[in-house]
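**Q** need a structure here:
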Amino acid sequence: MFTGIVTDVGEVVSAEQRGDRRLRIRTGYDLSTVDLGASIACSGVCLTVVDKGDDWFAADVSAETISRAARDMWSEGARLNLERSLRMGDELGGHIVTGHVDSVGEVLDVSAEGDSIRIAIRVDRGLAPAIAKKGSICLDGVSLTVNDVTDVRDGTEFSVNIIPHTANETTLGGLKPGRQLNVEIDVIARYIDRMLAARSQ
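**A** This next block holds a predicted model:
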């Protein structure tokens, strides 16, 4: 479990295709405090540490995970937002994040708004019931607040604001139209949506 508060930006330094894809990710974390088998969110995807060195850790990524996540994040040179799993007693600074991607969104527009950056995103219409104005959403592992949401013919569009600190400390500061993002809806919204669907059956 995570909070959507990114604590490092890592870089994929190698991507080896085995039965699964083995990534080696460079990080500034003190790896002596990271156990094999630990969970680290990588741009919103929960991965398991299977090997480590002084400044890197390795994780295996299944074909299922690759098929459900944003393209281009599993290749050498990709920059990933990193967050170690939540420990009992840690500050819950963002919102509860599971590291399970619900959909892949597409950046429609990036514009300056004061010192911040306003990002417009489109997702599949199926997520519409779980995205609410002023609600929480996780984009590439970053906890954000939804500004507004609109249902359109070919999906659902919403916007978020990226403050300068978030732009500087995550990969979101370099977003451009057309870029894909891993989207995780608020876990409470996920269960409410499921309960309502079950009642209607």
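**Q** wait, Glu76 touches Gln17, no?
**A** No: assessed by Cβ atoms under 8 Å, Glu76 is found out of contact with Gln17, at 11.7 Å. C-beta: built from backbone N, CA, C; applies to glycine.
**Q** and these two? which has more neighbours close in?
**A** Comparing Glu76 with Gln17 by other Cβ atoms under 10 Å, the one with more neighbours is Glu76, at 12 against 7.
**Q** the more buried one in helix, strand or coil?
**A** Under DSSP: H, G, I helix; E, B strand; the rest coil, the three-state class of Glu76 is coil.
**Q** with Ser67 instead?
**A** At Ser67 the chain is in helix, as set by three-state DSSP.
**Q** distance check, it against Ser136.
**A** From Ser67 over to Ser136 the distance is 26 Å, taken as Cβ to Cβ, to the nearest Å.
**Q** contacts only, for Lys52.
**A** Going by Cβ atoms under 8 Å, 6 or more residues apart in numbering, Lys52 touches 31, 34, 36, 58.
**Q** more neighbours, Ser67 and Ser136?
**A** Neighbours were tallied for Ser67 and for Ser136 using other Cβ under 10 Å; the higher tally belongs to Ser136 (21 against 9).
**Q** now do the phi/psi pair for the more buried one.
**A** phi -90, psi 150 (degrees, to the nearest 10).
**Q** and the closest residue to Leu82 other than its chain neighbours, how many neighbours?
**A** Spatial nearest neighbour of Leu82, chain neighbours left out: Asp8 (4.4 Å); criterion: Cβ to Cβ, 6 or more residues apart in numbering. Using other Cβ under 10 Å, the number of residues around Asp8 comes to 17.
**Q** Asp8 contacts Tyr29, correct?
**A** Yes: contact criterion Cβ under 8 Å: Asp8 and Tyr29 qualify, at 5.9 Å.
**Q** and for the two, which residues touch both?
**A** With Cβ under 8 Å, 6+ apart as the test, Asp8 and Tyr29 both reach Leu82.
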